[in-house]
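S.K.: my questions concern the predicted model and sequence given below.
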Amino acid sequence: VALIAILAFGAGCQAFHETFSESWEERWIYSTGEKYTGRFAVETTLEGSDNTALKVTEKAQHYGMSALLPTPLDPGAGKTVLQYELKLGDGLECGGAYMKFITADDSFRPAGLAEDTPYTIMFGPDVCGATNKVHLIIRHKSPKTNKIEEKHLTAPPMVPSESNVTHVYTAILDSATNTYSMLIDGEEKKSGSLFDHFDPSFNPPKEIDDPEDTKPEDWVDEAKIPDPDAVKPDDWDEDAPAMIPDEEATMPEGWLESEPKEIEDPEATKPEDWDDEEDGDWEPPMVPNPKCADAPGCGPWERPNKPNPEFKGKWVPPMIDNPDYKGVWAPRKIENPDFYNDTTPLKHIGKIGGVAIEIWTMDKDYYFDNLVITDSVEKAEKIREEYWKPKYDVEKAAFDAKAKEDEEKRTKEIKETEGAKDTFLGKVESSFISVVDKIFESSLISPYAQQAPLSNIYDFLIEKPMVAIAGLSGLVALLLTTMLMPAGKAETAEKEQVGQSKKKDATPAKDKKEEIEEEEEEEEEEKEDASPTRRSRRARRD
């Protein structure tokens, strides 16, 4: 292990470099915990290369595996550099791809790895739903209470979205300056003071809210109130309708008032087996009136509505400043009994004694490689340039070529369908695509547009605009139906209840003999309806 995992690049330097090549299984031990059923595999990641990496083989699995460092690394003694490569085969939609750098403890055994195994630092990508970040979490022990608390990097960088491209992640901690730096592909994405960018802060506030303080009952925190002196203007008509008939509108030229919208199908004929006594009078089905096809409309013309310029809606008094307003209430401050000022926080996070991949993922086919734990920034940079850069150049060139090919294909498809855009549906489709492009190019969406799932949504909307339009239309219809149905049902139920009451009041009481006779007639009709002949006729008629 010492010969393979420890690389001496200079006096006093320490490094753990794992390439997941020969005998890696001797260094890495699976957890014996019941939930850790996922198993890794080591495979080549680049065609024509003998470079191997650790592969996540199955989705919907817990993976748990760790390795001990031959010599623990102390983050409080200088610089700490954590670095590893990650290649996402089909992106990362919901899964962890981070590593836990286990706190040195003589009692820890890799086979005993669990979710709550203490770690010093957690670092790496994590994506699921709205979460998309490269974690940097440091577990810090209070020098006053000995309580351990996770400190999370605020606003961490996002995970690169390219599929089948290896990216390298680097975290650097410096105990001499109390600073951190995070790099992706050797480019600094975020850096600063440990005291400024972590939540909760490494040093707690001197004062805290008094937990026993309560807001007085007479405290007024409404800044605005309705003007009690305001009165509704005399000319304010709350009953004015929002829409009124457009008196200036005229019936379009060519409107066929005398023609119905639908007519009986002239080609329809009465089925030979239709029985007027059993099936009722036959009526031909209705079809659209062909005379209306080229006309602006058929049937009685109705004047369209337009917005009522006199519509004002329900009157409400204007809001004014509340003379009794006291401001936003806040509890009084008291001294924080747990306050401390730790000027050397990295000396209180524990030494790194091992490294673990302890993740749950709904994705598969992503690869870990070239894990480095060292106290030398130069050493990590040298490994990055030697192992990662050549691989990245090849994969990025292939990714860019594929992206260019896809763009050219899309451009060709657009040109081939330009003729269709002169039609009504073509114009609708073109307008929809234009709106989608504007939304995804907006400042709110564009930073995330190239990442899953937004990139997948965009591709679907652009490739299948009419399907998307139909889906959105259905959703709107469903929402309108949901809002309108309760009122309609309530009104119908009320009418039925009133009708039943009137019917009950108007219907004289039947004697027992009449009720029995009616029940016998209903039973006889049910038997006839259930007969195969009647069912067959009804099915043909329908």
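M.R.: Here it is on my side, so go on. These figures come from a predicted structure and were not determined experimentally. Residues are numbered from 1 along each chain as shown.

S.K.: output stretch 376-383 as PDB, nothing but the C-alphas.
M.R.: Backbone C-alpha positions of stretch 376-383 (Å, rounded to 0.1, in the frame of the first residue of the first chain) are rendered in PDB as follows:
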ATOM      1  CA  SER A 376       1.000  20.200  -1.700                       C
ATOM      2  CA  VAL A 377      -0.800  22.300  -4.200                       C
ATOM      3  CA  GLU A 378       2.000  21.800  -6.700                       C
ATOM      4  CA  LYS A 379       1.700  18.000  -6.400                       C
ATOM      5  CA  ALA A 380      -2.000  18.100  -7.100                       C
ATOM      6  CA  GLU A 381      -1.500  20.400 -10.100                       C
ATOM      7  CA  LYS A 382       1.200  18.100 -11.500                       C
ATOM      8  CA  ILE A 383      -1.100  15.000 -11.300                       C
END
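
S.K.: in the chain, where's the longest strand?
M.R.: Using DSSP state E, we find that the single longest strand of the chain is strand 61-73.

S.K.: show me what the next helix or strand along the chain from that one is packed up against.
M.R.: Along the chain past strand 61-73, the next helix or strand (assigned with DSSP states H and E) turns out to be strand 79-88. In terms of contacts (3 or more CB pairs under 8 Å, 6 or more residues apart in numbering; DSSP states H and E), strand 79-88 is packed against strand 99-103, strand 119-128, strand 166-174, strand 366-374, helix 377-383. Every residue, glycine included, has its C-beta placed from N, CA and C.

S.K.: partner strands of strand 79-88 and their direction?
M.R.: strand 166-174 (antiparallel), strand 366-374 (antiparallel) (DSSP bridges).

S.K.: quick one: which of these is nearest residue 325?
M.R.: strand 166-174 (48.3 Å; CB to CB).

S.K.: mean neighbour count, the helices and strands packed on strand 79-88: which tops it?
M.R.: For the helices and strands packed on strand 79-88, average neighbour numbers computed from mean count of other CB atoms under 10 Å are highest in strand 99-103, which has a mean of 25.

S.K.: next, the angle strand 166-174 makes with that strand.
M.R.: Regarding strand 99-103 and strand 166-174, their directions subtend 30 degrees when assessed with axes from the mean of the first three to the mean of the last three CA atoms, to 10 degrees.

S.K.: now the helices for the stretch 251-400 of the chain?
M.R.: Taking DSSP state H, counting those that start in this stretch to define them, one finds helices in the stretch 251-400 of the chain at 276-279, 377-383, 389-416.

S.K.: TSV for those helices, including distance to residue 152?
M.R.: As requested, the helices of the stretch 251-400 of the chain are arranged in TSV below (distance: least, CB to CB, whole Å):
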stretch	distance to residue 152
helix 276-279	74
helix 377-383	23
helix 389-416	29
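
S.K.: winner for burial among those helices?
M.R.: Most buried of the helices of the stretch 251-400 of the chain, by mean neighbour count (mean count of other CB under 10 Å): helix 377-383, with a mean of 19.

S.K.: and that one, what does it pack against?
M.R.: Helices and strands touching helix 377-383, as assessed by 3+ CB pairs under 8 Å, 6+ apart, comprise strand 79-88, strand 366-374.

S.K.: okay, angle between the longest one and strand 119-128 too, please.
M.R.: It refers to strand 79-88. With the same axes, to 10 degrees applied, the angle from strand 79-88 to strand 119-128 works out at 30 degrees.

S.K.: how distant is strand 79-88 from the center of its chain?
M.R.: Centroid separation for strand 79-88 versus its chain: 27 Å, with CA atoms, centre = their mean, to the nearest Å.

S.K.: and the following helix or strand past it, how far from the chain's centre?
M.R.: Scanning forward in sequence from strand 79-88 by DSSP H and E, the next helix or strand is strand 94-96. On the basis of CA atoms, centre = their mean, strand 94-96 is displaced by 13 Å from the centre of the chain it belongs to.

S.K.: strand 94-96 - contacts with which helices or strands?
M.R.: strand 119-128, strand 352-361.

S.K.: 10 Å instead, please
M.R.: Using 3 or more CB pairs under 10 Å, 6 or more residues apart in numbering; DSSP states H and E as the contact definition, the elements that strand 94-96 packs against are strand 61-73, strand 119-128, strand 131-141, strand 352-361.

S.K.: mind listing the strands the first one pairs with, and their directions?
M.R.: Okay, so that is strand 61-73. strand 29-30 (antiparallel), strand 352-361 (antiparallel).

S.K.: state the pLDDT value of the spatially most central residue of the chain.
M.R.: Nearest to the mean C-alpha position of the chain, by CA atoms, centre = their mean, lies residue 129 at 4.2 Å. Looking at residue 129, its pLDDT stands at 88.

S.K.: ok so, going back, for residue 201, find the nearest of the strands paired with strand 79-88.
M.R.: Closest to residue 201 of those, according to CB to CB: strand 166-174, at 16.3 Å.

S.K.: just checking the distance from that closest one to the centre of its chain.
M.R.: Here strand 166-174 shows a centroid-to-chain-centroid distance of 27 Å under the convention CA atoms, centre = their mean.

S.K.: use 16 as the first number for this chain going forward.
M.R.: From this message on, residue numbering opens at 16, which makes the last subject strand 181-189.

S.K.: pLDDT on it, on average?
M.R.: In this model, strand 181-189 has an average pLDDT of 98.

S.K.: what do you get for stretch 385-405?
M.R.: If you average the per-residue pLDDT over stretch 385-405, you get 96.

S.K.: ditto for stretch 216-228
M.R.: Here the mean pLDDT over stretch 216-228 is 96, rounded to a whole number.

S.K.: for it, measure first residue to last.
M.R.: The distance separating the two terminal residues of stretch 216-228, taken as CA to CA, to the nearest Å, comes to 24 Å.

S.K.: same check, this time on stretch 283-299
M.R.: Taking CA to CA, the first and last residues of stretch 283-299 lie 6 Å apart.

S.K.: for it, buried residues please.
M.R.: For stretch 283-299, the neighbour count (16 or more other CB atoms under 10 Å) marks residue 294 as buried.

S.K.: host element of the nearest residue to residue 327 once chain neighbours are set aside?
M.R.: Among residues not flanking residue 327 along the chain, residue 251 sits closest, at 5.8 Å (CB to CB, 6 or more residues apart in numbering). Secondary structure assignment for residue 251, by DSSP H and E: no helix or strand.

S.K.: what is the burial count for residue 251?
M.R.: The number of residues packed near residue 251 is 12, by other CB atoms under 10 Å.

S.K.: grab the nearest non-local neighbour of residue 297.
M.R.: In space, residue 297 is closest to residue 285, 4.6 Å off (CB to CB, 6+ apart).

S.K.: show me what contacts the one you found?
M.R.: When the contact criterion is CB atoms under 10 Å, 6 or more residues apart in numbering, the partners of residue 285 are 291, 296, 297, 298, 299.

S.K.: widest-spaced pair of those?
M.R.: Among those, the pair separated by the greatest distance (CB to CB) is 291 and 299, at 14.3 Å.

S.K.: any idea how far residue 310 lies from residue 303?
M.R.: Residue 310 sits 12 Å away from residue 303, going by CB to CB, to the nearest Å.

S.K.: neighbour count: those two, which is higher?
M.R.: Between residue 310 and residue 303, counting by other CB under 10 Å, residue 310 is the more crowded of the two (14 against 11).

S.K.: partner residues bridging the nearest residue to that one once chain neighbours are set aside?
M.R.: Here the nearest residue to residue 310 in space, its sequence neighbours aside, is residue 271; by CB to CB, 6+ apart that works out to 5.0 Å. Partner residues in beta bridges with residue 271: residue 313, with DSSP bridges as the criterion.

S.K.: which residues touch residue 271?
M.R.: Residue 271 makes contact with 304, 306, 307, 309, 310, 311, 312, 313, 314, 316 under the criterion CB under 10 Å, 6+ apart.

S.K.: can we see that at 7 Å?
M.R.: By CB atoms under 7 Å, 6 or more residues apart in numbering, residue 271 lies in contact with 306, 307, 310, 313.

S.K.: do residue 100 as well
M.R.: Contact analysis of residue 100 by CB under 7 Å, 6+ apart lists 181, 183, 384, 385, 403.
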